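Asks: next input, structure requested:
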Amino acid sequence: MENDILELAAKVGKLLEAKNLLLATAESCTGGGVSQAITEIPGSTGWFECGFVTYSNASKTEMLDVPAALIAQCGSVSVEVAGAMAEGAVANSNADVAVSTTGIAGPTGAVPGKPVGTVCFAWSRGSTTYTERLVFQGDRRAVREQTVAHALTGLLRFLE
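Replies: Here you go, the predicted model:
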């Protein structure tokens with residue numbers, strides 16, 4: 001899967017470069033995995049602004065301006081919080097577009113209605129934010145890999 005992720009990251013880079021856009025990431029369950037894939041690509045300096053790894057709820061609020069009340073109401077693993085994370089990444093950087101991930105990679109952390117493997121995504125640019133909630137199968141590593149791949153695939157769709 002790693003080669004697939006790097007191919008996706010390279011495609012994202014080409015598209016961002018062609019559109020003259022800068023990207024920021026806001027990651028929780030992936031712990032910087034999306035940023036890592038992006039920075040593996042030579043020349044990513046030209047289109048990658050920064051990455052926020054906001055694992056705790058407090059860091060989501062402090063670094064990305066995600067309202068604590070939103071986290072309390074919807075839970076940190078929700079499309080609402082994912083959307084706020086992506087919007088916060090754009091607002092708190094020089095980036096034009098952002099992708100966010102928040103989820104339950106496992107093996108623990110499941111709550112009613114949110115099994116292990118639940119991941120919420122958001123892609124944001126300007127006044128447009130798209131969100132998505134998926135449930136991936138597999139162990140912690142597999143869930144995180146699938147999340148990184150989907151974040152990049154969704155970014156390609158969002159930008160095209």
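Asks: go ahead and name everything in contact with the helix or strand G83 falls within.
Replies: Taking DSSP states H and E as the criterion, G83 maps to helix 79-91. The contact list for helix 79-91 (C-beta atoms under 8 Å, 6 or more residues apart in numbering) reads 24-26, 28, 52, 54, 60, 63-67, 70-71, 73-75, 95-102, 120-125, 129, 131-133. Heads up, the C-betas are built off the backbone N, CA and C, glycines and all.
Asks: and the next helix or strand after it, what does it pack onto?
Replies: Remark: after helix 79-91, the chain's next helix or strand is strand 97-103, criterion DSSP H and E. Applying 3 or more C-beta pairs under 8 Å, 6 or more residues apart in numbering; DSSP states H and E, we find strand 97-103 packed against strand 23-27, helix 79-91, strand 118-125, helix 140-159.
Asks: buried residues in the second one?
Replies: In other words, helix 79-91. 79-90 (16 or more other C-beta atoms under 10 Å).
Asks: give me the average confidence score over it.
Replies: For helix 79-91, mean pLDDT is 98.
Asks: just the CA atoms of it, as PDB, please.
Replies: Below are the C-alpha coordinates for helix 79-91, written out as PDB (Å, rounded to 0.1, in the frame of the first residue of the first chain):
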ATOM      1  CA  VAL A  79     -17.800  14.900  10.600                       C
ATOM      2  CA  GLU A  80     -18.600  18.200  12.400                       C
ATOM      3  CA  VAL A  81     -15.200  18.200  14.200                       C
ATOM      4  CA  ALA A  82     -13.400  17.000  11.000                       C
ATOM      5  CA  GLY A  83     -14.900  19.900   9.200                       C
ATOM      6  CA  ALA A  84     -13.900  22.400  11.900                       C
ATOM      7  CA  MET A  85     -10.400  20.900  11.900                       C
ATOM      8  CA  ALA A  86      -9.900  21.400   8.100                       C
ATOM      9  CA  GLU A  87     -11.300  24.900   8.300                       C
ATOM     10  CA  GLY A  88      -9.100  25.700  11.300                       C
ATOM     11  CA  ALA A  89      -6.000  24.500   9.400                       C
ATOM     12  CA  VAL A  90      -6.700  26.900   6.600                       C
ATOM     13  CA  ALA A  91      -7.500  29.700   9.000                       C
END
